[in-house]
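K.L.:
sequence? don't have it. structure:
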Ligand SMILES: NC(=O)c1ccc[n+]([C@@H]2O[C@H](COP(=O)([O-])OP(=O)(O)OC[C@H]3O[C@@H](n4cnc5c(N)ncnc54)[C@H](OP(=O)(O)O)[C@@H]3O)[C@@H](O)[C@H]2O)c1
């Protein structure tokens with residue numbers, strides 16, 4: 001079994017460490033966190049590994065996980081490079097969704113292969129996360145040798161691995177933010193518009209819930225084109241114009257958002273093909289020029 005040293009072992013690190021140890025995928029070596037007590041806790045949770053107080057106390061291993069918060073990854077990599085324990089061919093990786101393996105580039109000068117693996121999962125409760133990890137999508141990028149070995153290592157504990165492009169990792173992470181965090185933003189925007197229309201927040205939540213759940217279910221059971229209903233899908237330009245005017249007279253930035261998102265809906269409506277293309281052309285013009293003669297907001 002290959003051995004892994006863990007630098008930073010909080011929610012995500014503990015979860016993965018427990019799975020690798022329990023499923024005999026990797027031997028857990030040294031565990032380093034900001035305090036010995038926390039590293040000892042991590043070792044107890046994992047059921048393996050030895051708490052250490054510095055990188056130099058770690059025994060040699062083939063794999064190094066940097067499981068610190070994103071802001072500390074580079075600094076942890078620098079400390080690892082300076083410790084003089086890395087051998088050519090060792091693999092060093094982190095778990096950030098936002099940062100790429102380039103944050104560890106300085107370790108390549110020591111002959112290490114660097115990578116990142118982003119498990120698309122919430123690790124707020126490590127015991128629960130370990131129980132539910134199977135089926136988690138894990139985006140991997142980095143040196144081909146490191147990526148191949150890490151793919152095996154994460155697949156062995158039930159991860160569903162997929163490849164990310166190093167140079168486009170920021171876009172990948174932006175996508176995850178759009179489909180998760182921005183759903184909350186969209187629901188909040190909808191709630192504010194309901195309130196403006198005289199529907200109180202508590203009632204708005206109740207009205208929104210079946211609408212939002214059914215739309216999301218349709219998107220994944222069918223697809224976004226077939227899930228799209230409403231005035232843009234029907235080619236109902238007068239309704240779109242009324243929405244735009246109502247929003248413009250209250251909050252121009254909300255109108256801008258309505259128009260930008262409407263342009264994506266229009267793209268779906270054209271693929272759907274149920275509305276006359278002349279009606280969709282009219283809507284395209286309304287969305288692109290919501291207030292004729294006005295500068296873009
Ligand atoms: N949590 C999630 O849902 C999730 C999901 C996907 C990916 N990730 C990624 O996983 C990584 C870790 O996140 P997390 O949520 O597990 O963080 P976390 O729970 O805050 O744990 C961070 C760990 O790093 C240690 N640490 C901090 N600075 C250090 C340093 N300079 N040297 C050594 N150890 C250090 C902390 O030590 P102490 O224990 O002493 O505080 C702690 O053990 C991040 O890159 C994050 O983006 C997290």
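P.N.:
Okay, I see it. Computed from a prediction, not measured in an experiment: that's the story for all the values here.

K.L.:
helices or strands up against whatever helix or strand residue 183 lives in?
P.N.:
According to DSSP states H and E, residue 183 maps onto helix 181-196. Judged by 3 or more Cβ pairs under 8 Å, 6 or more residues apart in numbering; DSSP states H and E, helix 181-196 is in contact with helix 201-221, helix 252-272. Where you see a C-beta, it was placed from the backbone N, CA and C, and this is true even at glycine.

K.L.:
now the angle between helix 181-196 and the first one, please.
P.N.:
With axes from the mean of the first three to the mean of the last three Cα atoms, to 10 degrees as the basis, helix 201-221 and helix 181-196 are set at 140 degrees to each other.

K.L.:
need the contact partners of helix 201-221.
P.N.:
With contacts defined as Cβ atoms under 8 Å, 6 or more residues apart in numbering, helix 201-221 is touched by 187, 190, 191, 194, 195, 199, 226, 227.

K.L.:
for PyMOL, what selects the buried ones among those?
P.N.:
Only the buried entries of those go into this PyMOL selection, using 16 or more other Cβ atoms under 10 Å:
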select buried, resi 190+191+194+199+227
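
K.L.:
and which of the contacts of helix 201-221 is nearest to the ligand?
P.N.:
residue 187 (21.2 Å; Cβ to the nearest ligand atom).

K.L.:
could you check the pLDDT of that closest one?
P.N.:
Looking at residue 187, its pLDDT reads 97.

K.L.:
what residue lies at the spatial centre of the chain?
P.N.:
residue 176 (3.8 Å; Cα atoms, centre = their mean).

K.L.:
which one is that one nearest to, not counting chain neighbours?
P.N.:
Nearest residue to residue 176, sequence neighbours excluded (Cβ to Cβ, 6 or more residues apart in numbering): residue 97, at 6.2 Å.

K.L.:
over to residue 68?
P.N.:
Here the residue nearest residue 68, using Cβ to Cβ, 6+ apart, is residue 8, at 3.3 Å.

K.L.:
can you give me the neighbour number for that neighbour?
P.N.:
When neighbours are defined as other Cβ atoms under 10 Å, residue 8 has 22 of them.

K.L.:
ditto for residue 201
P.N.:
By the measure other Cβ under 10 Å, the count of residues near residue 201 is 10.
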